[in-house]
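**Q** pasting the structure only:
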């Protein structure tokens, strides 16, 4: 497959349209923000060309509109225009976000016809060293790329330090509304995180589960709505009289992915190792009162599901374990977050440390489900995106799930290179999933 060649047209620092007042110059992060890694997550949105105008002229017009509306949006989300001062504070100095214009002669169909993460990585603002240096610690970077066919992509690179998936979507919804000229744009709530989870001195501790690998691969799989139903029926049948609940789409797909990942590791090493799957839970709807999606910050915490013996790897067993662990977390842990957030965090970190101390060779996987989040409805004024993807070039052993347009599930998986070579050929996986099909537009 030919390499995609990107030409940087311009780099612009985008400052809030209205300066941030001096009394807001310091933004204190919440406890959960303190524990979140200062790394950028990248999300790329794909837009086919839908105009009869000259593509280059149209690109210029749209770029100006994006920059103007981003400036307006940063006035509402003013911490994103600042710079991280330390692990607990943002200096809201209006240093700005960075907006990069780029172009390529390649048609958009080259990527949508056969999505390849190595090629998509060229669409990320964080992949350009000069941009990273010039941006000088920018918390938000955007790359707007024009393709030879007139199609475009918008890649948004936002630090995890201050935003979970709900906050990210709130930002994009506010930006797209401003870009379309909506009269009343929702205003984010910025103080909830700090009031619910006051920051504390927690030197040397991290809530993130970082799984490093020297070399790893990212792959994409699609489970159609029909295949998800087929897999669910198989698992319900295996549960038999124990089928007291109907497994969710996420549970059945994740059980199969996890099982095949463990199998791939065993094929590589020649031995079975206990495994922990950390699943991220959205705390927002579970707080009292619920935290709105418009609140900036992190309101997510992971819980662990354990597969300690080979007998645990039957799909129905993994589903039961996921459901039981989730239930225990919701019934026994979430209430503690509602009260003494610091105590709940310290207890969870202690339990995690004991888990790793007890199982030094444990296989760790980290899962985030973006299902039920509207990731295919971002209209800047020229129609919804036909696809969204997130390139992970930092951490291995990750699993991300999101909805497809037809009710199925799209899965992005990263694994050690050798394990991925085995994983993507796994017959049980391919019985239910398509390996990287084209994006139909």
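**A** Looks like it arrived, so ask away. Predicted model only: the values in this text are computed from it and were never measured.

**Q** how about the contacts made by residue 105?
**A** Taking CB atoms under 8 Å, 6 or more residues apart in numbering, we find residue 105 in contact with 5, 148. No exception for glycine: its C-beta is placed from N, CA and C like everyone else's.

**Q** which SS state does it fall under?
**A** coil (DSSP: H, G, I helix; E, B strand; the rest coil).

**Q** start and end of stretch 145-154, how far apart?
**A** This stretch, stretch 145-154, spans 7 Å end to end (CA to CA, to the nearest Å).

**Q** with stretch 294-310 instead?
**A** Across its full length, stretch 294-310 reaches 43 Å end to end, with CA to CA as the criterion.

**Q** can you give me the buried ones in it?
**A** The neighbour-count check on stretch 294-310 (16 or more other CB atoms under 10 Å) flags 294-305, 307 as buried.

**Q** average model confidence for that stretch?
**A** Per-residue pLDDT over stretch 294-310 has a mean of 93.

**Q** return the distance of it from the chain's centre.
**A** Taking CA atoms, centre = their mean, to the nearest Å, the mean C-alpha location of stretch 294-310 is offset from the chain mean by 13 Å.

**Q** that older thread, strands - which of the buried residues of stretch 294-310 land there?
**A** Within the buried residues of stretch 294-310, residues falling in strands by DSSP state E are 300, 301, 302, 303, 304, 305, 307.

**Q** got those as TSV, with distance to residue 78 columns?
**A** As requested, those are exported to TSV (distance: CB to CB, whole Å):
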residue	distance to residue 78
300	23
301	27
302	29
303	33
304	36
305	39
307	45
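
**Q** among these, which one lies nearest to residue 68?
**A** Nearest to residue 68 out of those is residue 300 (CB to CB; 32.0 Å).

**Q** so the closest one bridges to which residues?
**A** When bridges are called by DSSP bridges, residue 300 pairs up with residue 282.

**Q** contacts for the helix or strand containing residue 120?
**A** Element membership for residue 120, per DSSP states H and E: helix 117-120. Helix 117-120 has contacts (CB under 8 Å, 6+ apart) with 1, 3, 4, 44, 110, 111, 218, 220, 389, 391, 393.

**Q** okay, who's weakest in those residues by pLDDT?
**A** Among the contacts of helix 117-120, pLDDT bottoms out at residue 1, giving 56.

**Q** just the strands in the stretch 251-400 of the chain please.
**A** Per DSSP state E, counting those that start in this stretch, the stretch 251-400 of the chain carries strands over the ranges 275-282, 300-307, 363-369, 387-389, 398-403.

**Q** how about the ones you listed in TSV, adding distance to residue 74?
**A** Shown next, in TSV, are the strands of the stretch 251-400 of the chain (distance: least, CB to CB, whole Å):
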stretch	distance to residue 74
strand 275-282	25
strand 300-307	24
strand 363-369	26
strand 387-389	22
strand 398-403	27
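
**Q** out of those strands, flag the one nearest residue 115.
**A** Closest approach to residue 115 among these is made by strand 387-389 (6.9 Å; CB to CB).

**Q** paired strands for the closest one, with orientation please.
**A** Strand 387-389 has these strand partners (DSSP bridges): strand 40-47 (antiparallel).

**Q** chain center to the partner strand, what's the gap?
**A** Using CA atoms, centre = their mean, the mean C-alpha position of strand 40-47 is found 10 Å from that of the whole chain.

**Q** show residues contacting that strand.
**A** Identification of contacts with strand 40-47 by CB under 8 Å, 6+ apart yields 108, 111-112, 120, 123-126, 141, 151-160, 168, 378, 380, 382-383, 385-391, 439.

**Q** please repeat the previous calculation with a cut-off of 7 Å.
**A** Contacting residues not belonging to strand 40-47 are listed as 108, 112, 120, 123-124, 126, 151-160, 378, 382-383, 385-391 [CB atoms under 7 Å, 6 or more residues apart in numbering].

**Q** nearest to residue 67, of the contacts of helix 117-120?
**A** Closest approach to residue 67 among these (CB to CB): residue 44, at 18.3 Å.

**Q** against residue 439, how distant is the closest one?
**A** Going from residue 44 to residue 439 by CB to CB, to the nearest Å gives 12 Å.

**Q** show me the shaky parts of the chain.
**A** Counting by pLDDT under 70, the chain contains low-confidence residues at 1-2, 202-214, 242-243, 441.

**Q** okay, domains of it per the record?
**A** The chain is divided into the following domains under automatic domain parsing: 7-196, 216-435.

**Q** residue ranges for the helices of the stretch 1-150 of the chain, please.
**A** 31-35, 55-76, 109-113, 117-120, 129-135 (DSSP state H, counting those that start in this stretch).

**Q** as TSV, those with mean neighbour count and distance to residue 417 would be great.
**A** Converted to TSV, these look like this (neighbours: other CB atoms under 10 Å; distance: least, CB to CB, whole Å):
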stretch	mean neighbour count	distance to residue 417
helix 31-35	23	30
helix 55-76	18	37
helix 109-113	18	22
helix 117-120	18	13
helix 129-135	14	24
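
**Q** pull out the buried members of the contacts of strand 40-47.
**A** Buried subset of those (neighbour count, 16+ other CB under 10 Å): 108, 112, 120, 123-124, 126, 151-160, 378, 382, 385-391.

**Q** residue 164 reaches residue 302, doesn't it?
**A** No - counting by CB atoms under 7 Å, residue 164 does not reach residue 302; the two are 11.8 Å apart.

**Q** residues near the closest residue to residue 80 other than its chain neighbours, how many?
**A** Among residues not flanking residue 80 along the chain, residue 140 sits closest, at 4.7 Å (CB to CB, 6 or more residues apart in numbering). For residue 140, the neighbour count with other CB atoms under 10 Å is 27.
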